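Enquirer: next one to model:
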Amino acid sequence: MLDPARAHETMLLGVPLVVTINADGTIAVQRVDHAALHQDERYGLVWVCLGTPTRGILPIPEADEPDRPIVVVGSVGVRASGPRVIENFLDLGHLGYVHARYLGDDPHTRVLPYTVEPLPEGGIIATQCKMFQPQASPAATEGFMVDYIYKVERPLATCLYKANPVQRDRFDIIFLIVQPVTEETSIAHPLLLCLPDGTTPAALRAFQQTIFMQDKPILENQVPKRLPLADGAELPIAADKSSVAYRRWLSAIGLTWGVIRADEKARAA
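Expert: Next comes the predicted model:
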């Protein structure tokens, strides 16, 4: 939540920005160097393009469902590159260790085989993901095998469709939008689109903040802080299929920010 009584300083792709709230409640974003930018507000977030947008904001059709309110979790600074943060979100293998007693636990640490495919408009989707979770959400009263679908439609925006503990035939949705501050620092902006189950927005925020704060020290201790894209730069295992597909997609689209490209490998070493 932005404080209307003061200006807020932030950064996007190394460019300093100032964010203020006007008297009529609208939010204004300006570059410190006063160069032009494009901004919009949607899903409880302010979206900024430093140039001229070539496409619209990532659409979230589920945000229009009347029984699915959007809960903005809060922004978390991370000393790791944006792609590192997205890749961590995709990692099924860490759930039973980093998020023990919440999203996984012994002896249910094995990642079952799952499928990763390209999306027609670019990006990847991982389906048939299953993990046993002791407490999949604040409303969960017992552990169960949770169905997951991961989707990455933009390089720094990903979402998780996760079986609801009450309405087992529908999914809760967790979006993670990452603001690339510098090549090695980011701000994560999680969004929740959960089905009503009696849990308050405050409890949802607290639960998700607990989960993300467990991830934060893991992310910040990864070396290098930028994500290597060369095959074999970091040894994958079978559970890392989505990570491998994500890295290859970033390489294919020519992303350079926050990554170590294959042709940089010798120099980076």
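
Enquirer: so Gln222 touches Ser81, yeah?
Expert: No. Using C-beta atoms under 8 Å, Gln222 is not in contact with Ser81; the gap is 9.4 Å. C-beta coordinates here come from the backbone N, C-alpha and C atoms, glycine included.

Enquirer: quick one, which of those two is more surrounded?
Expert: Using other C-beta atoms under 10 Å, the more surrounded residue of Gln222 and Ser81 is Ser81, with 28 against 16.

Enquirer: my read is that the more buried one contacts Thr256, right?
Expert: No. With contact defined as C-beta under 8 Å, Ser81 does not reach Thr256; the gap is 11.3 Å.

Enquirer: please name the bridge partners of the spatially most central residue of the chain.
Expert: Nearest to the mean C-alpha position of the chain, by C-alpha atoms, centre = their mean, lies Leu176 at 2.6 Å. Note on Leu176: beta-bridge partners by DSSP bridges are Thr158, Pro190.

Enquirer: which ones are touching it?
Expert: By C-beta atoms under 8 Å, 6 or more residues apart in numbering, the contact set of Leu176 is 85-86, 89, 157-160, 188-191.

Enquirer: quick one, which of these has the minimum pLDDT?
Expert: Checked by pLDDT, the contacts of Leu176 have Phe89 as the lowest-scoring entry (90).

Enquirer: and the one helix or strand it maps to, what does it pack onto?
Expert: Secondary structure assigned from DSSP states H and E places Phe89 in helix 82-90. Under the contact criterion of 3 or more C-beta pairs under 8 Å, 6 or more residues apart in numbering; DSSP states H and E, helix 82-90 touches strand 144-154, strand 157-163, strand 171-182, strand 185-193, helix 201-220, strand 227-228, helix 241-253.

Enquirer: dump those to TSV, plus distance to Gly51.
Expert: Output for the helices and strands packed on helix 82-90, formatted as TSV (distance: least, C-beta to C-beta, whole Å):
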stretch	distance to Gly51
strand 144-154	16
strand 157-163	18
strand 171-182	14
strand 185-193	20
helix 201-220	28
strand 227-228	23
helix 241-253	17
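
Enquirer: what about those, which gets the closest to Tyr43?
Expert: strand 185-193 (6.0 Å; C-beta to C-beta).

Enquirer: check the offset of the closest one from the chain's centre.
Expert: Relative to the centre of its chain, strand 185-193 is centred 6 Å away, using C-alpha atoms, centre = their mean, to the nearest Å.

Enquirer: what does stretch 119-134 give?
Expert: 14 Å.

Enquirer: put the alpha carbons of it into CSV.
Expert: Output of stretch 119-134 as CSV, limited to C-alpha atoms (Å, rounded to 0.1, in the frame of the first residue of the first chain):
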residue,chain,number,x,y,z
LEU,A,119,2.6,-22.1,-25.0
PRO,A,120,1.3,-21.0,-28.4
GLU,A,121,2.0,-17.3,-27.8
GLY,A,122,5.4,-17.9,-26.1
GLY,A,123,6.3,-19.2,-22.7
ILE,A,124,5.9,-22.6,-21.1
ILE,A,125,3.3,-24.6,-19.2
ALA,A,126,3.9,-27.4,-16.7
THR,A,127,1.0,-29.8,-16.2
GLN,A,128,0.3,-33.1,-14.3
CYS,A,129,2.3,-31.7,-11.3
LYS,A,130,1.4,-33.3,-8.0
MET,A,131,2.8,-32.8,-4.5
PHE,A,132,1.5,-33.9,-1.1
GLN,A,133,1.1,-30.8,1.1
PRO,A,134,0.4,-30.8,4.9
